[in-house]
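*Asks:* mind folding the following:
(2 chains)
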Amino acid sequence: GNSVTQMEGPVTLSEEAFLTINCTYTATGYPSLFWYVQYPGEGLQLLLKATKADDKGSNKGFEATYRKETTSFHLEKGSVQVSDSAVYFCASSNPSGGYNKLIFGAGTRLAVHP
Amino acid sequence: DSGVTQTPKHLITATGQRVTLRCSPRSGDLSVYWYQQSLDQGLQFLIQYYNGEERAKGNILERFSAQQFPDLHSELNLSSLELGDSALYFCASSAGTRDRAEQFFGPGTRLTVL
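*Replies:* Model prediction:
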């Protein structure tokens, strides 16, 4: 079955540091890939997405590229801010079969210090 | 604000009881998804409805059931509650089911079973 694996946290960085959170997936067919962010006490917000190989999703300085050859979708940001502190979830979906459930990784907690 | 609403925000109940969680999707969205977020299982897909019909089932217990009404709101019913059912329950909605449209998440209902 489909699965998503992401690096364990917590990840602790100083402000303006470079961020990478690794995510790999297994899937039948061609899934769409997503990064969701969960701020403390809130629901999930879509951060970015990519729907086919070599697509790059980007938003708010975050980027991730859909790499079919390595089955990866790593999240990167060049300079993190304290306000980026949250839990980040990598997810895949596969609409084949007539439905579109999301399969989530375990989540990676990011803490950014001034 | 995603446009998806969930009530109640918090629910505290006892083992053996039954509760109903409610979700209103974004205006125009026909698909509703339910997810459970717990410390030990992470984020798991429970069930999906599309325009009133069940479309997909995930790891949903037999004690749990859901439905989507003609006005497209959905309810998740949890019965014979156990301590392990304590979790954050999210509802999400999307425009379709076979397309790769993103899912918009509500703020969640935190269920505590004592």
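*Asks:* pull the residues that contact stretch A:11-18.
*Replies:* Residues external to stretch A:11-18 that are found in contact with it (CB atoms under 8 Å, 6 or more residues apart in numbering or on different chains): A:19, A:21, A:76-82, A:108-114. (C-beta placed from N, C-alpha, C; glycine too.)
*Asks:* show me what counts as buried in it.
*Replies:* Residues A:11, A:13 are the ones in stretch A:11-18 that count as buried (16 or more other CB atoms under 10 Å in any protein chain shown).
*Asks:* run the chain-centre distance for that stretch.
*Replies:* Here the centre of mass of C-alpha atoms in stretch A:11-18, compared against the chain's by CA atoms, centre = their mean, to the nearest Å, lies 17 Å away.
*Asks:* one step back: let me know the closest of the contacts of stretch A:11-18 to chain B.
*Replies:* Of all the contacts of stretch A:11-18, the one sitting nearest chain B is A:Thr108; the distance, using CB to the nearest CB, is 11.6 Å.
*Asks:* count the neighbours of the closest one for me.
*Replies:* Applying the criterion other CB atoms under 10 Å in any protein chain shown, we find 20 residues in the vicinity of A:Thr108.
*Asks:* the residue nearest to it when sequence neighbours are not counted: what secondary structure?
*Replies:* Of all residues not flanking A:Thr108 in the chain, A:Gly9 sits nearest, at 4.2 Å (CB to CB, 6 or more residues apart in numbering or on different chains). At A:Gly9, secondary structure determined by DSSP: H, G, I helix; E, B strand; the rest coil is coil.
*Asks:* check B:Asp1 too.
*Replies:* The local conformation at B:Asp1, judged by three-state DSSP, is coil.
*Asks:* quick check, pLDDT for it.
*Replies:* On the pLDDT scale, B:Asp1 is placed at 81.
*Asks:* report the rounded mean pLDDT for stretch A:7-19.
*Replies:* For stretch A:7-19, the mean per-residue pLDDT is 94.
*Asks:* can you get me the start-to-end distance on that stretch?
*Replies:* Distance between the boundary residues of stretch A:7-19 (CA to CA, to the nearest Å) amounts to 12 Å.
*Asks:* over to stretch B:95-113?
*Replies:* Between the opening and closing residues of stretch B:95-113 we find a distance of 33 Å, counting by CA to CA.
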